[in-house]
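J.: I'd like to go over a predicted model; first the sequence, then the structure.
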Number of protein chains: 2
Amino acid sequence: MQQPQLDLRVLQYFVAVAEELHFGRAAARLHIAQPSLSVQIRKLEHALGTPLLLRTSRSVSLTSAGDVLMGEAKRLLAAAERAVSLTREVASGVRGTLIVGFQANAAAELTPRILAAFKNNHPEIHVQMRSFDFADPTAGLADGSADVAFVRPPLPAADWLAMETLFIEPRVLVVASSSRFAGLSEVSVEQVVDESFVARKAPDKWRDFWLATQARGGQPVRLGTQVATVDECFEAIMGERGIAFTQASTQRFYDRPGLSFIPVRDVPPSPLSIAWRTDVNDGLAREFVETARTLAAFGGVPNLVDSRRPATVSTSFQSN
Amino acid sequence: MQQPQLDLRVLQYFVAVAEELHFGRAAARLHIAQPSLSVQIRKLEHALGTPLLLRTSRSVSLTSAGDVLMGEAKRLLAAAERAVSLTREVASGVRGTLIVGFQANAAAELTPRILAAFKNNHPEIHVQMRSFDFADPTAGLADGSADVAFVRPPLPAADWLAMETLFIEPRVLVVASSSRFAGLSEVSVEQVVDESFVARKAPDKWRDFWLATQARGGQPVRLGTQVATVDECFEAIMGERGIAFTQASTQRFYDRPGLSFIPVRDVPPSPLSIAWRTDVNDGLAREFVETARTLAAFGGVPNLVDSRRPATVSTSFQSN
DNA sequence: TCCACCGATAGCCTGAAACTATTGGACCCC
DNA sequence: GGGGTCCAATAGTTTCAGGCTATCGGTGGA
């Protein structure tokens, strides 16, 4: 993150001038003197490296850049104000908070719909999405830093953990575009058994699931780089430091030049589940789960393994 | 718009501390001295009226308000940066701009889909949505301040104007909840012919369309308040200064306590069209129209008059 | 031609925010 | 339990960004 070299106050000045198209009136509206305003706008233009306003001694008009900036500035200022009041409301307890843990692309296409529906039903609740890296497959539930989470089983069994599968999608192989596998319409695990695999820095059971050790017929895995996040993973793959399996939806969220996604014949699919803690009685979390279940039943995620699967409740791993 | 009393620089300071959970390291990362940082954070907390960080002499942690603010701050900073680069790109001509005029709720549920699809097909183009009040039913096309526009016919005929209907929806009557009409399942124009109507400050033909003068059987209209925007209109209605007709989709976008929407039996429906200028050869505008047409064919707007209507091209008003 | 309008410039002044040095509380370890 | 270390807070100083007033200069209308 760079220094934004942008000052919201100056942005407000600019919006005032852009709306009034008159430095004098804008200055009056801002309760500052006209010369101060002129100077600030000039500085802003200098900082951006482009004129924003065309002035004659009789009129002021916006350049196209100024026009764009005005729109952006208004949105920014509104967002800033919302941020302030949101923070105040959370602080004062007026507004409750639900922290939703997730990894990578969360529940894929379902995520925005679930969030929209939940916010619609609970406008007084602030939903905080929090991303977790591979080290915690429970996406924050384990240490209580999330109230509810989108997770990908298998998770370590724990009696305080409950989850419900929203959908099941196939896994695909990710390779560098330069790889000899790139462009194949399908591969089998056997074909890639001798390749280096990018491994997730995660609990053994989870790491092994993503290395598909079960499907290798006892063949040991050649380990490539270890990674903590999806981005690191794809970075490693593009750098030809290994290949990896991932859920099919990542192709739709992370596709980029240099990567190639190939269906795999004989790797078990990956469920996407919503999980929560059973040892805290969190009504909001339950409502969120309810919303997620409803939306999942609607469908809308492409390329599922079995879209007719009924929603079922299970405690981690095996049924209870 | 209030003064945001928020400084992006300070927000950046806060994010650094929130991420490092250590004033010394954060200060080093920001290239400032630790005491300066402490002071700024304290000021920020004071301005927001709430503690954001819990400090002991051995550790720093986030309060829930701090947690929320961190998320908001990151989004704000990212948005600020995007605003800067967007403005620069537009200024340098790297990024083209398409200005889309609209009124009220634009193309209703279709709007975000059209925008998303267009942005997907033209990631290098910045789409600027610009709202217009009733005074210009062409939503900026007339004076060239929009390249393409969502409009609601009938428009004044003009040979430089072309348009294409995306969908047609019924019109409904809007009244205050306290009105004797509120709660009726349906009304006829005859029933409300003696009421005061909120009139749009607009060209006669357009104003009359929205007063439904054609459907009144020659009865003159009692004019209530004159309004320039939808918000003003609903404000007037809630203040019982008149009632009005509006397109059905407004109910889904502007519904609020104090307003009541009632289907009307015998008022002609309102088409929503995409319009552009024929006297400038704007490829982007044509592409936008194309996208809109395609998405409209998909449907997805509830409660249409005739969803089987084929897309047809016509110059304003009558066919050409 | 003169005047009114309006943005830019010049010069001054104040306060916000940076810096350095130091204090004071908490934990660790012997 | 006392010395050492870590770390945030406080004190006091300095600098400069941004505000102000006064004025200039260019433009268009009367």
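T.: Alright, I've got the coordinates.

J.: how about the strands in the stretch 201-320 of chain A?
T.: Assigned by DSSP state E, counting those that start in this stretch, the stretch 201-320 of chain A shows strands spanning A:222-227, A:244-247, A:259-263, A:270-277, A:313-315.

J.: Please put the alpha-carbon coordinates of the fourth one into CSV.
T.: Right, strand A:270-277. Output in CSV follows, covering the C-alpha atoms of strand A:270-277 (Å, rounded to 0.1, in the frame of the first residue of the first chain):
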residue,chain,number,x,y,z
SER,A,270,-13.9,-30.5,-2.5
PRO,A,271,-17.0,-29.6,-0.4
LEU,A,272,-17.6,-26.0,0.6
SER,A,273,-19.2,-25.8,4.0
ILE,A,274,-20.5,-23.2,6.4
ALA,A,275,-19.2,-23.9,9.9
TRP,A,276,-19.9,-22.5,13.4
ARG,A,277,-19.1,-23.2,17.0
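
J.: which residues touch it?
T.: Outside of strand A:270-277, the residues within contact range by C-beta atoms under 8 Å, 6 or more residues apart in numbering or on different chains are A:107-108, A:138-139, A:141, A:144, A:147-153, A:155, A:160-171, A:247, A:282, A:285-286, A:288-289, A:292-293, A:316. C-beta coordinates here come from the backbone N, C-alpha and C atoms, glycine included.

J.: which of the residues in that strand are buried?
T.: Using 16 or more other C-beta atoms under 10 Å in any protein chain shown as the test for burial, strand A:270-277 gives A:270-277.

J.: how far is it from where the chain is centred?
T.: 16 Å (C-alpha atoms, centre = their mean, to the nearest Å).

J.: neighbouring strands for that strand, and are they parallel or not?
T.: Each strand paired with strand A:270-277, and its direction, by DSSP bridges: strand A:148-151 (antiparallel), strand A:161-169 (antiparallel).

J.: For the shortest one, C-alpha coordinates in CSV please.
T.: The reference is to strand A:148-151. Written as CSV, here are the backbone C-alpha positions of strand A:148-151 (Å, rounded to 0.1, in the frame of the first residue of the first chain):
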residue,chain,number,x,y,z
VAL,A,148,-19.0,-18.3,11.4
ALA,A,149,-16.8,-19.4,8.5
PHE,A,150,-16.7,-20.8,5.0
VAL,A,151,-14.5,-23.8,5.2
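
J.: Can you give the contact residues for it?
T.: So strand A:148-151 is contacted by A:98-103, A:106-107, A:111, A:132, A:137-141, A:163, A:166, A:272-276, A:282, A:285, A:288-289 (C-beta under 8 Å, 6+ apart).

J.: Would you map the helices across the stretch 101-250 of chain A?
T.: A:110-121, A:204-211, A:230-238, A:250-254 (DSSP state H, counting those that start in this stretch).

J.: So for DNA strand D, which of those sits nearest?
T.: Checking these against DNA strand D by C-beta to the nearest atom of the strand gives helix A:230-238 as the closest, at 27.1 Å.

J.: quick one: the closest one near chain B?
T.: No: if you take C-beta under 8 Å from any C-beta of the partner chain as the test, helix A:230-238 misses chain B, and the best it gets is 15.7 Å.

J.: Against which helices or strands is that helix packed?
T.: If contacts are counted by 3 or more C-beta pairs under 8 Å, 6 or more residues apart in numbering or on different chains; DSSP states H and E, helix A:230-238 sits against strand A:171-176, strand A:196-200, strand A:222-227, strand A:244-247, helix A:250-254, strand A:259-263.

J.: thinking again about what came up before, nearest to DNA strand D, of the buried residues of strand A:270-277?
T.: Closest to DNA strand D out of these is A:R277 (30.5 Å), distances taken as C-beta to the nearest atom of the strand.

J.: where's that closest one relative to A:V289, distance?
T.: For A:R277, the distance to A:V289 equals 11 Å [C-beta to C-beta, to the nearest Å].

J.: Check A:V267 too.
T.: 28 Å.

J.: Which pLDDT does the model give the spatially most central residue of chain A?
T.: Centroid-nearest residue in chain A, with C-alpha atoms, centre = their mean: A:N105, separated by 5.7 Å. Note for A:N105: predicted pLDDT of 93.

J.: you'd agree A:A79 is up against B:A79?
T.: Yes: taking C-beta atoms under 8 Å as the definition, A:A79 is a contact partner of B:A79 at 6.3 Å.

J.: anything in contact with each of these two?
T.: Counting by C-beta under 8 Å, 6+ apart, A:A79 and B:A79 have no contacts in common.

J.: So in chain A, which helix runs the longest?
T.: helix A:64-92 (DSSP state H).

J.: Am I right that A:F288 is in contact with A:V100?
T.: Yes: counting by C-beta under 8 Å, A:F288 does reach A:V100; the two are 7.0 Å apart.

J.: Spit out the residues that contact those two alike.
T.: Common neighbours of A:F288 and A:V100 (C-beta under 8 Å, 6+ apart) are A:147-148.

J.: pLDDT score assigned to whichever residue of the stretch 201-320 of chain A sits closest to DNA strand C?
T.: Nearest to DNA strand C, among the residues of the stretch 201-320 of chain A, is A:V280, at 26.5 Å (C-beta to the nearest atom of the strand). Per-residue pLDDT puts A:V280 at 93.

J.: Against DNA strand D, how distant is it?
T.: 30 Å (C-beta to the nearest atom of the strand, to the nearest Å).

J.: Repeat that for A:L77.
T.: On the measure of C-beta to the nearest atom of the strand, A:L77 and DNA strand D end up 15 Å apart.

J.: which residues sit in contact with the residue of chain A found nearest DNA strand D?
T.: For chain A, the residue closest to DNA strand D is A:A33, as judged by C-beta to the nearest atom of the strand, at 3.1 Å. Contact analysis of A:A33 by C-beta under 8 Å, 6+ apart lists A:A27.
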